[in-house]
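Peer 1: any chance you can model this:
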Amino acid sequence: QVQLVESGGGLVQAGGSLRLSCAASGLSGSIFKFKTMAWYRQGPGNKRFFVARISGGGITNYADSVKGRFTISRDNARNMLSLQMKRLKPEDTAVYYCNNIDTSWPWGQGTQVTVSS
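Peer 2: Purely as a prediction, here's the structure:
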């Protein structure tokens, strides 16, 4: 059973920074390094939106709203995914989740990011 555990969220003032982590476990073999991984976020009452993705080889893509402020990275040896968030804005407030780009793994509990103005 694949398990995704997100961490690193918190309360920060606008302009601040946070670094989110995602640990993937229960994976067979070295499948993680072949999966394009992504971060998503869900605000109150909203659906889940794409934030950033990274291929197994390290190619990245970002939603326009976070481009230039967020950086996605991965550690294939540890089955870990990270999201460095800088110059945070109140509109970045959401629960952040990780998953593969197909969202085929069970969702974790997410990590809450709250940005105060």
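Peer 1: and the strands in the chain?
Peer 2: With DSSP state E, the ranges of strands along the chain come out as 3-7, 10-13, 18-25, 37-42, 48-54, 60-62, 70-75, 80-85, 94-100, 111-116.
Peer 1: quick one: average confidence on the last one?
Peer 2: The reference is to strand 111-116. Mean pLDDT, computed over strand 111-116, is 98.
Peer 1: so which residue is smack in the middle of this structure?
Peer 2: W39 (3.0 Å; CA atoms, centre = their mean).
Peer 1: related to what we said a few turns ago, as a markdown table, the strands of the chain with distance to I31 would be great.
Peer 2: All C-beta atoms are positioned from the backbone trio N, CA, C, and that covers glycine. Listed next are the strands of the chain as a markdown table, based on distance: least, CB to CB, whole Å:
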| stretch | distance to I31 |
| --- | --- |
| strand 3-7 | 13 |
| strand 10-13 | 31 |
| strand 18-25 | 9 |
| strand 37-42 | 11 |
| strand 48-54 | 15 |
| strand 60-62 | 20 |
| strand 70-75 | 13 |
| strand 80-85 | 14 |
| strand 94-100 | 9 |
| strand 111-116 | 23 |
